[in-house]
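> Would you be able to build a 3D model of this:
(one chain, ligands or ions: 1)
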Amino acid sequence: MGRCINHPDRETSYHCLKYNIYLCDECLGCRDPKIYCKFRSSCIVWFMTKKNKKIAYNAASASARV
Ligand SMILES: [Zn+2]
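Alright, predicted model coming up:
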């Protein structure tokens, strides 16, 4: 656990190995999604970034069907 780089009062377990920083739920997202990162395969931040995009996409397609 560590504290968010933008919110020192928030504890979080999302750790960016590349920058060695922690990001809270609000700040969660890869800082360089288009740049190669050797930590990406095991990066929780990257994993959550992808997951969130998928959720957003599913929500958009779901509302389009209604
Ligand atoms: Zn934050």
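
> From the centroid of the chain, which residue is nearest?
Nearest to the mean C-alpha position of the chain, by Cα atoms, centre = their mean, lies Gly29 at 3.0 Å.

> could you measure that residue against the ion, distance?
10 Å (Cβ to the ion, to the nearest Å). Any C-beta I mention is one placed from the backbone N, CA and C, and that applies to glycine too.

> repeat for Ile5
Counting by Cβ to the ion, the gap from Ile5 to the ion is 7 Å.

> neighbours around that residue, how many?
Residues lying near Ile5 (other Cβ atoms under 10 Å) number 17.

> got a list of what Asp25 touches?
Each residue near Asp25 by Cβ atoms under 8 Å, 6 or more residues apart in numbering is listed here: Thr12, Tyr14.

> So it, which state does it fall into?
coil (DSSP: H, G, I helix; E, B strand; the rest coil).

> Please name the residues that touch Ser13.
Residues near Ser13 by Cβ under 8 Å, 6+ apart: Met1, Gly2, Tyr22, Ile44.

> Tell me where the protein has helices.
For the chain, the helices defined by DSSP state H cover 44-65.

> near the ion, which residues of it?
Within the chain, the positions near the ion by Cβ under 5 Å from the ion are Cys4, Asn6, His7, Cys24, Glu26, Cys27.

> Can I have the buried ones of those residues as a ChimeraX selection?
Buried subset of the residues of the chain next to the ion, written as a ChimeraX selection, criterion 16 or more other Cβ atoms under 10 Å:
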select :4,24,27
